[in-house]
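Trainee: just need the structure, nothing else, for what follows:
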Amino acid sequence: MRIWHDFASRWVALTLLSIFNIPCWSQTPPLKLISASPANNATDVSRTVTPTLNFSTTLNRASVSPTRVTMSAPSGVQPINLSVTDSQLTLLPRNKLLPITKYTLNVSGVRGINGEALAAPVNTAFITRDGAWQTASLITHPPSVLGTASLAENATGAAFIAWLQFSPTREHVIPWSSRYLPGLGWSKPVMIQLDETIDAQSVVVAVDHSGNALALWSQYAASHWSLRASRYTRGVGWGTAKVIANDAGLLVTDQQIAFDADDNALVVWAQPNSFTGKSNIYAVRYNVASGWGVAETIDGNVQNMNAYSPAVRFDAQGNATSIWQCNPDNVTYQLCTNRYVAGTGWGEVAIIATASYNVNSDAIYEARLAVSSSGVAFAVWTQNPGIYASRYTSAGGWESPTLVDDTYVYDLKLATSAAGDAILTFVWRVETPQPHFPSAGHYVVGASHYSAATGWEPVRGLQANDAYDAQMPEAVMDASGNGMVAWSGYNGFFYRIYTTRYRADTGWTDVRKVIDTTNTNYSSNPVLAVDQSGDVLAVWLQAAGANDPLPGFWENRFQ
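Mentor: Residues are numbered from 1 along each chain as shown. You can find the predicted model right below:
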């Protein structure tokens with residue numbers, strides 16, 4: 001009877017406390033974060049880290065979900081898996097983390113095993129460490145290499161290089177390739193074009209998100225040039241070459257390939273007319289389901305206009321931008337553009353810039369294009385006496401050309417980040433002392449960075465202050481806005497491959513790195529690619545040694 005009396009008394013007391021909202025010390029305490037690894041605001045964190053959060057009590061697994069636990073970076077919410085062990089919550093990134101990037105962990109709505117709730121959302125952050133160059137290694141040493149390689153890499157790190165080399169009979173020039181898979185390395189070189197009786201020229205390669213590839217090259221047969229394509233299918237290899245452009249006698253040039261997120265491709269090229277000698281810009285679409293479409297002109301089909309040097313890039317929404325240069329009357333030079341809209345097709349030609357060739361104004365040269373995943377596009381070009389740029393946004397279209405610098409430069413290269421920052425690199429001859437180069441009279445690699453907040457920064461030199469020449473720059477940017485520039489530079493004895501880093505948090509590092517670590521003769525023609533994790537792949541030509549001047553393809557990785 002006493003037991004019932006005690007129970008009834010407690011029930012009455014708790015009921016009264018609840019009715020009058022009187023605090024009760026026996027109520028469930030809130031769920032608290034006890035510790036985090038990495039610790040909040042930690043720096044120099046490994047890019048393969050698995051963050052853990054330790055709470056004050058065992059967690060209710062049903063309350064843990066991707067909508068309540070997220071990991072974010074400047075590029076957006078990151079793909080993760082979640083694991084719960086008692087009071088510990090582990091976040092498992094599906095991809096390797098980007099270098100020097102701030103990651104923020106957010107937890108809300110998670111409860112303890114007895115219903116304990118967070119008093120407030122949990123937020124912790126850490127910054128990853130930067131990558132580092134590894135030791136250079138040989139990819140392949142063909143018996144003959146004609147020109148440089150075309151390098152392409154997809155987000156997962158699958159890569160292809162393609163180059164021109166004599167056939168085994170050494171009678172004709174054939175496109176060759178090698179494929180890289182993470183964990184497996186580079187494959188043995190194979191011929192892309194199996195017909196050894198005809199000559200090829202100007203091979204380019206691109207790889208889609210699934211690891212398949214397309215290669216394009218010009219080929220001479222039956223007294224005329226044609227543009228041919230071959231598709232590499234995973235598990236099968238290179239397919240039979242297909243003619244996608246034909247002409248009675250003139251060389252098809254400047255072919256470019258771009259893939260959208262669904263592995264469909266757009267190919268653009270310049271094709272001369274045998275009767276007028278003038279070139280038009282053509283495009284054709286490759287659809288994964290249906291194959292090659294029908295080629296069409298995208299430059300307005302003006303028969304008397306000499307159009308050349310096209311480029312094409314996709315954004316993440318499946319829209320593409322193409323630019324090209326044209327010379328309608330041997331006096332006026334234009335930089336033109338057309339947009340491909342997913343589900344609609346090509347639109348109308350627009351003019352980005354116009355120049356008239358005279359003693360005070362030079363023609364438009366070396367136009368380059370970069371398009372971010374968000375749809376921001378950049379076009380840069382040289383126009384004596386300087387470098388010009390224009391930016392495209394979906395809201396405002398192409399902006400009026402901006403003078404980046406009034407210095408005469410050449411060999412422009414352009415890269416952009418997912419957010420729409422950009423890096424422009426180039427070669428210029430220093431005629432008068434510069435802040436970074438007191439010694440004048442030699443060729444240096446320069447660069448300029450663009451951000452929406454500040455625009456184009458003043459151009460600057462990238463290599464050390466010496467009196468030696470540099471050439472052949474390349475640039476890439478990762479999703480966080482970090483960049484890498486590579487070039488071939490003379491060191492007083494032979495040419496080597498150098499790089500300089502751009503950090504999104506602090507800017508240019510003012511340090512150059514030698515990445516052809518085994519070179520004792522010469523290196524040249526570097527090309528760069530970056531994957532979704534921010535790892536950079538560099539490939540270049542390097543002589544085997546003084547007694548073997550024939551170059552092979554070498555690589556190094558920043559990871």
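Trainee: that's a helix at Thr276, yeah?
Mentor: No: Thr276 sits outside any helix when classified using DSSP: H, G, I helix; E, B strand; the rest coil, being coil.
Trainee: ramachandran coordinates for the residue nearest to it when sequence neighbours are not counted?
Mentor: Spatially, and ignoring its direct neighbours in sequence, Thr276 is nearest to Gln303 (6.1 Å; C-beta to C-beta, 6 or more residues apart in numbering). Bear in mind the C-beta positions are built from the backbone N, C-alpha and C, glycine included. Reported as degrees, to the nearest 10, the phi and psi values for Gln303 are phi -70, psi -30.
Trainee: counting neighbours, what do you get for Val236?
Mentor: 9 (other C-beta atoms under 10 Å).
Trainee: what about it, distance to Ala215?
Mentor: Separation of Val236 from Ala215 (C-beta to C-beta, to the nearest Å) stands at 14 Å.
Trainee: Asn482 now?
Mentor: From Asn482 over to Ala215 the distance is 30 Å, taken as C-beta to C-beta.
Trainee: any weak-confidence spans in the stretch 151-300 of the chain?
Mentor: For the stretch 151-300 of the chain, the stretches with pLDDT under 70 are 170, 196, 247-249, 274-275.
Trainee: then the chain?
Mentor: For the chain, applying pLDDT under 70 flags the ranges 1-27, 170, 196, 247-249, 274-275, 358-361, 432-440, 464-466, 545-549.
Trainee: mind listing the strands for the stretch 251-400 of the chain?
Mentor: Ranges of strands in the stretch 251-400 of the chain, per DSSP state E, counting those that start in this stretch, are 253-259, 265-272, 279-287, 291-292, 296-297, 306-314, 320-327, 332-341, 345-346, 350-356, 364-371, 377-383, 386-393, 397-398.
Trainee: sorry, that was for the stretch 101-250 of the chain
Mentor: Along the stretch 101-250 of the chain, counting by DSSP E, counting those that start in this stretch, strands occupy 102-107, 122-128, 137-140, 146-153, 159-166, 173-181, 185-186, 190-191, 199-207, 213-221, 224-233, 237-238, 242-246.
Trainee: dump those to TSV, plus distance to Val427.
Mentor: As requested, the strands of the stretch 101-250 of the chain are exported to TSV (distance: least, C-beta to C-beta, whole Å):
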stretch	distance to Val427
strand 102-107	34
strand 122-128	33
strand 137-140	26
strand 146-153	16
strand 159-166	23
strand 173-181	28
strand 185-186	30
strand 190-191	34
strand 199-207	22
strand 213-221	27
strand 224-233	30
strand 237-238	35
strand 242-246	32
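Trainee: quick one on the thing from earlier: nearest to Asn525, of the strands of the stretch 251-400 of the chain?
Mentor: Nearest of the strands of the stretch 251-400 of the chain to Asn525, taken as C-beta to C-beta: strand 364-371 at 17.2 Å.
Trainee: then the closest one to CSV, C-alphas only?
Mentor: The C-alpha trace of strand 364-371 is given here as CSV (Å, rounded to 0.1, in the frame of the first residue of the first chain):
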residue,chain,number,x,y,z
ILE,A,364,42.9,39.6,-82.7
TYR,A,365,45.1,36.6,-82.0
GLU,A,366,45.3,33.6,-79.8
ALA,A,367,41.7,33.7,-78.5
ARG,A,368,41.2,31.3,-75.5
LEU,A,369,38.0,30.0,-73.8
ALA,A,370,37.3,28.7,-70.4
VAL,A,371,33.8,27.9,-68.9
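Trainee: can you list the buried residues in that strand?
Mentor: Using 16 or more other C-beta atoms under 10 Å as the test for burial, strand 364-371 gives Ile364, Tyr365, Glu366, Ala367, Arg368, Leu369, Ala370, Val371.
Trainee: how close does the third one get to Trp456?
Mentor: Read it as Glu366. As for Glu366, its distance to Trp456 is 17 Å (criterion: C-beta to C-beta).
Trainee: neighbours of the nearest residue to Trp269 once chain neighbours are set aside, how many?
Mentor: Leaving aside its chain neighbours, Trp269 sits nearest to Gln255 (4.2 Å; criterion: C-beta to C-beta, 6+ apart). Neighbour count of Gln255, defined by other C-beta under 10 Å: 24.
Trainee: so Val404, which state does it fall into?
Mentor: Put simply, Val404 is strand when judged by three-state DSSP.
Trainee: please name the bridge partners of the closest residue in space to it that isn't next to it in sequence.
Mentor: Distances taken as C-beta to C-beta, 6+ apart place Ile387 nearest to Val404, at 4.2 Å, with adjacent residues excluded. On the basis of DSSP bridges, Ile387 is bridged to Thr382, Asp405.
Trainee: quick one on the thing from earlier: what sits against the residue nearest to Thr276?
Mentor: Shown in contact with Gln303 (C-beta atoms under 8 Å, 6 or more residues apart in numbering): Asn273, Thr276, Lys278, Asn280.
Trainee: contact partners for the third one?
Mentor: By C-beta under 8 Å, 6+ apart, the contact set of Lys278 is Pro272, Gln303, Asn304, Met305, Asn306, Ala307.
Trainee: closest to Gln78 out of those residues?
Mentor: Ala307 (42.2 Å).
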